[in-house]
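Novice: Sequence first, then the predicted structure:
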Amino acid sequence: MNIVILSRNPALYSTNSIVNAAMRRGHSVRVIDHLLCDLVIRRNKLELYYYNELIEDVDAVIPRIGSSATSYGAAIIRQFEAMGIYTCLNSDSLLKARDKLSCLQYLAQKDIGVPLSLVINNSTMIRPMLTHIEGERKVIKLVSGTHGLGVVLSESDQNAESVLEAFQKVKQRALTQEFIKEADGADVRLIVIGNKVIAAMVRQAQEGEFRSNLHRGATSYAISPTKEEIDVALRATQLLGLEVAGVDLLRSSRGPLVLEVNASPGLEGIETTTGLDVAGRIVQLVERNAAQH
């Protein structure tokens, strides 16, 4: 097959891992920076150019769209879809999963467990709205944040009020969420490919830190997830229409709570932690679905 990988940087671990996995299976692979693609849109004929070269004879697309390029990345995926080319991440699912607020709203509506969350848009109502969350500690995170950036653990309502006022002053929308004490600074990441959880790990925050991102110095170890965790991860990805996803869960006293569903999950942490060839499983999925498409 001729496979196009949409990625800003071919040297990134995840991109490189998928390239190598596809080449090992005998495919022709090309990495294209989606932000440097140009589109031609006309009736019954859509075209995509890369450095003025018409991109054609493509059998499948594997998008690796970062959070800073979501909107145009989705437009590029949509162009490939309109050209009749299979892509393992569709544009609507990317947009639905990437917007943390919309994703939480949708999953909660569909009876998926999520942390109790507030969006306080009226600055005069911060203090009374905070009473919806029991306990002094609250997690405040920017809706647009990634890798643990823009995430604050407030120790009191007064502290939370100050943080939220600061975010509002710089016109940044934030989520205020309950602090799950029993999670003990850890979360669970499950990798879903197709309709199966193929890998899972726990990410444990370092001492004195509550953010369990590996980018923040957390440690990780492979696990066998519980049936309830698997069921929640599969249902969340199915609802969002994702074929490849990383689902982040918190283990709480009332069951697994979905923190986030990542439509372009990083592969370095999960592959190095579990020793599994996750990239190879993505390529196998693409082989099956592109043939059917």
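Specialist: Looks like it came in fine.

Novice: what's the distance between the residue of the chain most remote from its centre and residue 121?
Specialist: Distance from the C-alpha centroid of the chain, by Cα atoms, centre = their mean, peaks at residue 43 (33.5 Å). Distance of residue 43 to residue 121, computed by Cβ to Cβ, to the nearest Å: 41 Å. Bear in mind the C-beta positions are built from the backbone N, C-alpha and C, glycine included.

Novice: Quickly note the distance from the residue farthest from the centre of the chain to residue 289.
Specialist: The gap separating residue 43 from residue 289 is 29 Å, by Cβ to Cβ.

Novice: Report the beta-bridge partners for the residue nearest in space to the middle of the chain.
Specialist: In the chain, the residue lying closest to the centroid (Cα atoms, centre = their mean) is residue 262, at 1.3 Å. Following DSSP bridges, residue 262 is listed with bridge partners residue 246.

Novice: what are the ranges of the helices in the stretch 101-250 of the chain?
Specialist: 126-130, 157-169, 227-240 (DSSP state H, counting those that start in this stretch).

Novice: Out of the ones you listed, flag the one nearest residue 110.
Specialist: Counting by Cβ to Cβ, residue 110 lies closest to helix 227-240 out of the helices of the stretch 101-250 of the chain; the figure is 5.4 Å.

Novice: Pull the residues that contact the closest one.
Specialist: The contact list for helix 227-240 (Cβ atoms under 8 Å, 6 or more residues apart in numbering) reads 93, 96-97, 103, 106-107, 110, 112-113, 188, 190, 192, 195-197, 200, 225, 243, 245, 247, 249, 255-256, 258, 261, 263.

Novice: and residue 195, how many neighbours does it have?
Specialist: By other Cβ atoms under 10 Å, the residues close to residue 195 number 9.

Novice: Find the nearest non-adjacent residue to it, please.
Specialist: Distances taken as Cβ to Cβ, 6 or more residues apart in numbering place residue 234 nearest to residue 195, at 6.5 Å, with adjacent residues excluded.

Novice: low-scoring stretches of this structure, by residue?
Specialist: Scanning the chain with the threshold set as pLDDT under 70 gives 145-148, 208-217.

Novice: domains of it?
Specialist: According to automatic domain parsing, the chain comprises the domains 2-88, 96-113+182-263, 117-179.

Novice: okay, those domains in JSON lines with distance to residue 272 next?
Specialist: What follows is these, written out as JSON lines (distance: least, Cβ to Cβ, whole Å):
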{"stretch": "domain 2-88", "distance to residue 272": "9"}
{"stretch": "domain 96-113+182-263", "distance to residue 272": "8"}
{"stretch": "domain 117-179", "distance to residue 272": "17"}
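
Novice: of those domains, which approaches residue 293 most closely?
Specialist: When those are compared by Cβ to Cβ, domain 2-88 sits nearest residue 293, at 3.8 Å.

Novice: now do the same end-to-end measure for the closest one.
Specialist: Counting by Cα to Cα, to the nearest Å, you get 14 Å between the two ends of domain 2-88.

Novice: now that domain, how far from the chain's geometric center?
Specialist: Its chain's C-alpha centre and that of domain 2-88 lie 18 Å apart, by Cα atoms, centre = their mean, to the nearest Å.

Novice: change the start of the numbering to 52 and stick with it
Specialist: From this message on, residue numbering opens at 52, which makes the last subject domain 53-139.

Novice: ok, and what's touching stretch 175-184?
Specialist: By Cβ under 8 Å, 6+ apart, the residues outside stretch 175-184 that reach it are 167, 169, 171, 189, 208, 211-212, 215-216, 227-229.

Novice: May I see the buried residues of stretch 316-329?
Specialist: Within stretch 316-329, the residues scored as buried using 16 or more other Cβ atoms under 10 Å are 316-318, 320-322, 324-325, 327-329.

Novice: count of neighbours near residue 161?
Specialist: Quick note: residue 161 (other Cβ under 10 Å) scores 12 neighbours.

Novice: which non-adjacent residue is nearest it?
Specialist: residue 290 (5.4 Å).

Novice: can you give me the strands for the stretch 152-301 of the chain?
Specialist: With strands called from DSSP state E, counting those that start in this stretch, the stretch 152-301 of the chain shows them at 168-169, 189-193, 202-205, 225-229, 237-244, 247-255, 270-273, 295-303.
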